[in-house]
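In: Let me see the structure of the following:
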Amino acid sequence: METFIILIIFIFGILQLILFFKIWGMTNDIREIKEKYLSSTDPKKSISPAQSTEFSIGELVVETKTNRQMRIKEITEDGKYSCYTGGGASHEGNFTAAEIKHFNS
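Out: Numbers count the residues shown, from 1 in each chain. Okay, the predicted model is just below:
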């Protein structure tokens, strides 16, 4: 009976060590995720002054192909406009200035 209890305690100790190192590894993963999302610049501010912005964030636009009305939520680093419908619930895509036009036009 004593050997059975010693065996269970030994197995429990090994499992505790495995759990410790798994949690330690997960903290490194969380650090990478945190650095990825918190160190990235705000997409609204990522536009350099050299890039021309024909449209502004929050502006209503229409896709020229489908005449779908959308709102610009952000401007990506490559100068495309990230457009959403449904009050910002549905991402329709990233469009260039040639693919969209002002709503009132």
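In: now the strands for the protein?
Out: All strands of the chain, identified by DSSP state E, fall at 60-63, 69-75, 81-85, 90-95, 100-102.
In: Looking at these, which is nearest to Ile8?
Out: Proximity to Ile8 (CB to CB) singles out strand 90-95 among those, at 52.7 Å. The way it works is simple: take the backbone N, C-alpha and C, and place the C-beta from them, glycine included.
In: Quick check: mean pLDDT of the closest one?
Out: For strand 90-95, mean pLDDT rounds to 90.
In: and that strand with strand 69-75, angle?
Out: Compare the direction of strand 90-95 with that of strand 69-75 by axes from the mean of the first three to the mean of the last three CA atoms, to 10 degrees and you get 70 degrees.
In: in its sheet, what does strand 90-95 sit against?
Out: Partners of strand 90-95 in the sheet, by DSSP bridges, are strand 81-85 (antiparallel).
In: which other residues reach the partner strand?
Out: With contact meaning CB atoms under 8 Å, 6 or more residues apart in numbering, strand 81-85 is reached by 43, 55, 61, 63, 68-76, 90-97, 100.
In: so how far is Gln16 from Ile23?
Out: 11 Å (CB to CB, to the nearest Å).
In: pretty sure Gln69 is touching Glu59, no?
Out: No: between Gln69 and Glu59 there is no contact under CB atoms under 8 Å: 11.3 Å.
In: Could you list the low-pLDDT ranges of the chain?
Out: 39-53, 105 (pLDDT under 70).
In: cutoff 80 now
Out: For the chain, the stretches flagged by pLDDT under 80 are 31, 35-53, 88, 105.
In: who are the neighbours in contact with the residue most central in space within it?
Out: Nearest to the mean C-alpha position of the chain, counting by CA atoms, centre = their mean, stands Tyr37 at 7.3 Å. Applying CB under 8 Å, 6+ apart to Tyr37 gives no contacts.
In: any idea how far it lies from Ile11?
Out: 39 Å.
In: closest one to Glu32 among the strands of the chain?
Out: Comparing these under CB to CB, the one sitting nearest is strand 69-75, at 23.5 Å.
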